[in-house]
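1. One predicted model, sequence on top.
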Amino acid sequence: MNTIRTASLVLKTCNMNDNDKLITFFSPEYGRLTAIAKGVRSHKHKDFAALQPFCFSDVTFTSKQGGLYTVSFAQVTNNFFDLRNDVIKVSFATYYMDIVADIAQEIVGDEDYFKFVLNTLYLTEKAERNAEDGDILPFLKKLKAIFEIKTVCVMGVMPELGRCVSCGKDKKLDYFSHYEGGVACSDCIGRYDGREHLPVSITEMDIKIIDYIVKSDYRSVFSFSIAEELLNRICAIVERYLVAQTDTFYKSLGFLHKIIAGNYQNDSEN
């Protein structure tokens, strides 16, 4: 019987029957781990609190040869309790967890990125501390853009921001190609055809903000301020870049869009 103990973040949970859950974890040491948690659907279970979505916990896994891991012990380190009480925060966090679940095996051993994910959840949970006029959405959108840029970088697809990805020139960099992974110059825009892969307009300020996020360390990257109009442009560019590079449009991202466009507005007006 194989046993491992590791700090783990609960990414997803799925009910198996009336008593058990199948849980997906992210561990900096082992990457993505999937395990059965027996009896954990009961609120009285000793590990119930430690195995909820978004929980950061100390977990012991056991497995028989050739079988799935089973959770044999779990203790909460941080349950991000305030995060799960707000539909907007949960929607952002769920999107992050879906991305991490996808790339977990590519970043095994990256302790810094693991801490960055935890810090992103913490800042999402405590978004009110950085909200202006009680509106947490601009801050959450900034966090999302940072998370997406840092994630594509850790995946090894850092955007090219200094030279045209087509010709290599460093002048007239007025476009961004999500599929080719960087800026494109005005002289080369004619070579692109088809709406899906057509580069989008980008300004010099957009490039500077994205470059700042790329080059900043995981702790200081959150500290900049940004105007709403610029933020919205950055969000559109980097979200589409991540989708293009992962070749995935997550269901949680579609739901997040609906929440931002509809439910959030309705909640704010009530």
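-> Happy to help now that I have it. This structure is a prediction, so every number in the text was calculated from the model and none was measured.

2. Now the helix or strand containing residue 209: average pLDDT?
-> Element membership of residue 209 [criterion: DSSP states H and E] is helix 204-215. The pLDDT scores in helix 204-215 average 97.

3. same deal with stretch 50-66?
-> Stretch 50-66 comes out at a mean pLDDT of 89.

4. Which positions within that stretch qualify as buried?
-> For stretch 50-66, a neighbour-count test (16 or more other Cβ atoms under 10 Å) marks 50-57, 59-63 as buried. Backbone N, C-alpha and C define where each C-beta goes, glycine included.

5. Quick one: distance of that stretch to the chain centre.
-> 21 Å (Cα atoms, centre = their mean, to the nearest Å).

6. Would you state the helices of the protein in chain order?
-> 87-103, 111-125, 137-154, 204-215, 228-246, 251-258, 264-269 (DSSP state H).

7. will you turn the buried residues of stretch 50-66 into CSV that also has distance to residue 174?
-> Formatted as CSV, the buried residues of stretch 50-66 follow (distance: Cβ to Cβ, whole Å):
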residue, distance to residue 174
50, 51
51, 49
52, 47
53, 42
54, 40
55, 45
56, 43
57, 48
59, 49
60, 54
61, 51
62, 57
63, 54
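
8. of the residues you listed, closest to residue 183?
-> Proximity of these to residue 183 (Cβ to Cβ) peaks at residue 54, which lies at 35.3 Å.

9. Provide a list of residues in contact with that closest one.
-> Shown in contact with residue 54 (Cβ atoms under 8 Å, 6 or more residues apart in numbering): 9-10, 79-80, 83-84, 93, 97, 121.

10. Not counting its neighbours along the chain, what's nearest it?
-> Nearest residue to residue 54 in three dimensions, chain neighbours excluded: residue 80, at 4.9 Å (Cβ to Cβ, 6 or more residues apart in numbering).

11. tell me the phi and psi of the one you found?
-> Backbone torsions for residue 80, taken as degrees, to the nearest 10, come to phi 50, psi 50.

12. So, low pLDDT: which residues of the chain?
-> Along the chain, the parts satisfying pLDDT under 70 run over 1, 64-66, 193-196, 263-270.

13. which residue is nearest the middle of this structure?
-> residue 96 (2.8 Å; Cα atoms, centre = their mean).

14. related to what we said a few turns ago, closest to residue 180 out of the helices of the chain?
-> Using Cβ to Cβ, the nearest of those to residue 180 is helix 228-246, at 9.2 Å.

15. Pull the distance from that closest one to the chain's centre.
-> Centre-to-centre, helix 228-246 and its host chain are 13 Å apart (Cα atoms, centre = their mean).

16. before we move on, back to that, who touches the residue nearest to the centre of the chain in this structure?
-> Neighbours of residue 96 in contact, by Cβ under 8 Å, 6+ apart: 117, 120-121, 147.

17. and the longest strand for this structure?
-> As assigned by DSSP state E, the longest strand anywhere in the chain is strand 2-15.

18. CA atoms only for stretch 184-200, dumped as PDB, please.
-> Extracted as PDB, the C-alpha positions of stretch 184-200 are listed here (Å, rounded to 0.1, in the frame of the first residue of the first chain):
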ATOM      1  CA  ALA A 184       2.200  42.000 -34.800                       C
ATOM      2  CA  CYS A 185       3.200  45.100 -36.700                       C
ATOM      3  CA  SER A 186       0.900  47.100 -39.100                       C
ATOM      4  CA  ASP A 187       3.000  46.100 -42.100                       C
ATOM      5  CA  CYS A 188       2.200  42.500 -41.500                       C
ATOM      6  CA  ILE A 189      -1.500  42.700 -40.700                       C
ATOM      7  CA  GLY A 190      -2.300  42.000 -44.400                       C
ATOM      8  CA  ARG A 191      -1.000  38.500 -44.200                       C
ATOM      9  CA  TYR A 192      -3.700  37.400 -41.800                       C
ATOM     10  CA  ASP A 193      -7.000  36.200 -43.000                       C
ATOM     11  CA  GLY A 194     -10.000  34.600 -41.400                       C
ATOM     12  CA  ARG A 195     -11.900  36.200 -38.500                       C
ATOM     13  CA  GLU A 196     -10.900  33.500 -35.900                       C
ATOM     14  CA  HIS A 197      -7.100  34.100 -36.100                       C
ATOM     15  CA  LEU A 198      -7.200  37.800 -37.000                       C
ATOM     16  CA  PRO A 199      -5.000  39.800 -34.600                       C
ATOM     17  CA  VAL A 200      -6.700  42.500 -32.500                       C
END
